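J.: structure for this input, please:
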Amino acid sequence: MTRLGFLLDSDNCIGCHACTVACKSEHDVPLGVNRTWVKYIETGSFPDVARKFSVMRCNQCEDAPCMKICPTTALYRTDNGVVDFDDDNCIGCKSCMNACPYDALYINPATNTAHKCNMCNHRLEVGLEPSCQIVCPTEAIKIGDLDDPASEISRIIARDDVAVRAPEQNTKPKVFYRGADQASLDPTRTAIANDGLIWAETTPDHPTIPVTLGKTPTDEDGVIGRTTYTTAHKMTWKEKVSGYLVTKAVAAGVMLVAALLILLGHADKQAAVGIIPPMVAGAFLGLTGLLLITDLKQPTRFHYLITKGNMTSWLVKGAYILMAFTAVCGLWFLGGLLESETLLKVLAIPAVLGAAGTAGYTAFLFGQCEGRDLWQTPLLLPVLLAQAVTAGGAVYTIMDLVIDVPEVTAVRWVLLGGVLATGALIAVELTSKGSRHVELAIETMTKGRYAKQFWWGGIVLGLLVPAALVIVSLATDTSNPLLAAIAGVSALVGMFAYEDSFVRAGQSVPLS
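T.: Coordinates of the predicted model:
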């Protein structure tokens, strides 16, 4: 078994794009997406300036995060060490795109499946070289067996000073650069100057470090050069993923509060405990599934999560958790119909565990997205659990408008506790030190493109308004449920605003 890798010699690269064109021709890559591309950066100040080139592509990682998160093993390793893909298994979930720290994957608009550089494995298998290596006029692209000390790239790597992209991610990339400027390999060290020059137009599909109009990138904020040519990379997860975080929080939270009411001795309340909570949970679990399926690029293949499931992926584990929780909610509903207090009491603990799993498993899923450092925070799990508590309290305060909810004061305290806990965790998250990627993502969320959504939606509407309204309702001991119900609606709307800003800001930092 061989272990193939690339050596990209930036000292010899002339930025001719022959590799990009050859790759597109070899694989019929559509316009707008690339398996390999050449990035240009400029450093220095006039007259002492330099333009540097570096070829970007899949890094064929030894510890490939895209393979771990892929729910259907559509990404797999061949006998020669190449990470390849199988169109027939891909469901288009786009998780691999967020798992990759190198922006190497894209959704092929012709097939609606994930594609990337596979080292022209179909050529390698018959003894031919990759198309990019053949056409490179300066032999700046070399491929070889990293386990063979006599191979040319092994000798170069052993002898010369080489670098890899994003070594801090510990993916053990097998693409090595000789002579590359570190600013070219680290996209947070350069920026696209929005000054109207050719190739420099910024769009939402070109993540870049914010630079003021007309300003030349400087070393302030860590930027030491300007990106003069790169490719677009569309944001992969948007409002459907943000919405799914809220819908499953509602499903989990309402069952958590129902279990609490059983603990407080209200198993006999058929409507408020036995019937309506599992109905609400079931409806929102169904909405969760609908959001997940419609977000797939191949929605008709959603059942591959089970029939071809990769158990290292938290997408698959999450699917099983959601199914198990749905089954518990179904049994709970049956117990409510039969007015079986014993069955409801027996199901209380499984319901709590299922609710916690439903609310919290996304923390582990996001943890597998190695390319998005903001999502790696250890506080994400407690935030999701606190949001489930908030959502449960919110739903019950709204239910109090139409049915007789027992322990109304306790329910309001649940809502207040969830809001306060969520606020405290978010405050810690925003003030904690992290990687440069985390700092840039937080800046985008709190001061940049998503600042209004975060502060006015997530913080004011989602935390401050609900907390104030619930405190007033508790302090006045009012029997009118309207104030608390408004607080509940505000908390849920604000929760979506926060999650959407968090999800989008996590994808705002350039990776290539």
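J.: can you map out the strands along the protein?
T.: Using DSSP state E, the strands of the chain run over 4-9, 37-45, 48-56, 75-77, 83-85, 106-108, 113-115, 141-145, 162-163, 175-178, 190-191, 225-229.
J.: what's the most buried one of the ones you listed?
T.: Of all those, strand 190-191 has the most neighbours on average by mean count of other C-beta atoms under 10 Å, namely a mean of 28. Heads up, the C-betas are built off the backbone N, CA and C, glycines and all.
J.: pull the longest helix from the protein.
T.: When the chain is parsed with DSSP state H, its longest helix is helix 341-367.
J.: buried ones in that helix?
T.: The neighbour-count check on helix 341-367 (16 or more other C-beta atoms under 10 Å) flags 341, 343-344, 347-348, 350-352, 354-363, 365-367 as buried.
J.: any low-confidence regions in the chain?
T.: When residues are selected by pLDDT under 70, those of the chain lie in 1, 193-221.
J.: domain assignment for it?
T.: According to automatic domain parsing, the chain comprises the domains 4-229, 239-506.
J.: closest one to residue 512 among these?
T.: domain 4-229 (3.7 Å; C-beta to C-beta).
J.: need the strands of the chain in TSV (columns: distance to residue 390).
T.: Below are those laid out as TSV (distance: least, C-beta to C-beta, whole Å):
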stretch	distance to residue 390
strand 4-9	48
strand 37-45	43
strand 48-56	42
strand 75-77	36
strand 83-85	40
strand 106-108	34
strand 113-115	35
strand 141-145	53
strand 162-163	45
strand 175-178	44
strand 190-191	38
strand 225-229	41
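J.: which one, of the ones you listed, ends up nearest to residue 429?
T.: Closest to residue 429 of those, according to C-beta to C-beta: strand 190-191, at 25.5 Å.
J.: could you list the paired strands of that closest one along with their orientation?
T.: Strand 190-191 has the following sheet partners, assigned by DSSP bridges: strand 225-229 (parallel).
J.: the partner strand versus strand 37-45: what angle between them?
T.: Strand 225-229 and strand 37-45 are oriented at 140 degrees to each other (axes from the mean of the first three to the mean of the last three C-alpha atoms, to 10 degrees).
J.: among the domains of the chain, which is the most enclosed?
T.: Ranked by mean neighbour count, those are led by domain 239-506 with a mean of 20 (mean count of other C-beta under 10 Å).
J.: end to end, how far does it reach?
T.: Taking C-alpha to C-alpha, to the nearest Å, the first and last residues of domain 239-506 lie 13 Å apart.
J.: got it, and stretch 42-53?
T.: End residues of stretch 42-53 are separated by 9 Å (C-alpha to C-alpha).
J.: again, but for stretch 372-388
T.: Terminal residues of stretch 372-388 lie 23 Å apart, using C-alpha to C-alpha.
J.: same thing with stretch 153-164?
T.: 14 Å.
J.: got a list of contacts for it?
T.: Residues from elsewhere that reach stretch 153-164 (C-beta atoms under 8 Å, 6 or more residues apart in numbering): 5-7, 59, 142-149, 173, 175-178, 180, 182, 185.
J.: go on, stretch 295-302?
T.: 72, 90-94, 107, 112-113, 237, 240-241, 244, 292-293.
J.: rewinding a little: summarise which helices and strands the longest helix of the chain is packed against.
T.: Judged by 3 or more C-beta pairs under 8 Å, 6 or more residues apart in numbering; DSSP states H and E, helix 341-367 is in contact with helix 239-263, helix 314-337, helix 380-399.
J.: what's the closest of those helices to residue 123?
T.: Distance to residue 123, taken as C-beta to C-beta, is lowest for helix 314-337 among the helices and strands packed on helix 341-367, at 31.8 Å.
J.: quick one: the closest one to chain centroid distance?
T.: 24 Å (C-alpha atoms, centre = their mean, to the nearest Å).
J.: before we move on, what about stretch 360-377?
T.: Taking mean C-alpha positions (C-alpha atoms, centre = their mean), stretch 360-377 and its chain are 6 Å apart.
J.: do the same with stretch 157-176
T.: 25 Å.
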